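J.: Next input, structure requested:
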Amino acid sequence: MPRDYVRRSKPKSTSKGKSNSRPARGGSRSRAPQRRVPWLAIILILMLAGALGYLISIIKGAADHRRPEPPPAVTHTQAPPKPVNPIDQKPVEKWRYIEQLENKEVVVNVPEAEESTRPYLMQCGSFRSSAQAEQLKAKIAFQGLVAQVRHKSGSSWHRVILGPYDSKRLAEQHKHKLIKAKAVSDCAIWFWEG
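T.: From the prediction side, this is the model:
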């Protein structure tokens, strides 16, 4: 048999003698327990409010009982001087170095840069076979530079040389250009001694 949980009332029994439902709990609804008034908390709050009021009255009373100081007696009849605003005043210079430096002349001896009359050479490789030296010369030529293969008599080495350069800066520029293009791994720059 379906139960009605919303009403919570006793189910009506179909037979007069027997009931399928549970016995009642002991009466109708029970009352909720009465709440107790927190007298201790109310007493503590009232005591704190009283103490705070007493403290404020003591502080206020101490301020009221203080005697005001009498103003100082004015003995002169002149008008008081006008207060000076420090922003309006022109600053006074304490240092004299500005005047001293205006009239001072500084002489500096700069040595003239000696221009080297000797040109620079750059060696980018040294090989035992002339074929390898010619191959490196061709790689350098693809970068737009002119190289020479020099072979000293009595030596078995073939050197790949660029230059002569008038300045070391130009030789360095060409060196970086060749290294960046990966035509060479490194080059040596030195003075050419005729």
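
J.: Show me how far stretch 80-94 is from its chain's centre.
T.: Chain-centre distance of stretch 80-94: 42 Å, with Cα atoms, centre = their mean, to the nearest Å.

J.: At which residues are the strands of this structure located?
T.: Applying DSSP state E to the chain gives strands spanning 120-127, 147-151, 158-165, 188-191.

J.: Confirm for me that residue 151 is in contact with residue 161.
T.: No. Applying Cβ atoms under 8 Å as the test, residue 151 and residue 161 come out as separate, 11.0 Å apart. For glycine as for every other residue, the C-beta is placed from the backbone atoms N, C-alpha and C.

J.: quick one, which of these two is more surrounded?
T.: Counted by other Cβ atoms under 10 Å, residue 151 and residue 161 do not tie: residue 161 has more neighbours, with 20 against 11.

J.: Return the distance of that one relative to residue 140.
T.: As judged by Cβ to Cβ, to the nearest Å, residue 161 and residue 140 stand 10 Å apart.

J.: thinking again about what came up before, make JSON lines from the strands of the chain and add distance to residue 35 and mean pLDDT to it.
T.: Formatted as JSON lines, the strands of the chain follow (distance: least, Cβ to Cβ, whole Å; pLDDT from 0 to 100):
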{"stretch": "strand 120-127", "distance to residue 35": "103", "mean pLDDT": "93"}
{"stretch": "strand 147-151", "distance to residue 35": "108", "mean pLDDT": "93"}
{"stretch": "strand 158-165", "distance to residue 35": "106", "mean pLDDT": "93"}
{"stretch": "strand 188-191", "distance to residue 35": "102", "mean pLDDT": "84"}
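
J.: Would you mind giving the ones you listed as JSON lines with distance to residue 78 added?
T.: Converted to JSON lines, these look like this (distance: least, Cβ to Cβ, whole Å):
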{"stretch": "strand 120-127", "distance to residue 78": "88"}
{"stretch": "strand 147-151", "distance to residue 78": "99"}
{"stretch": "strand 158-165", "distance to residue 78": "89"}
{"stretch": "strand 188-191", "distance to residue 78": "88"}
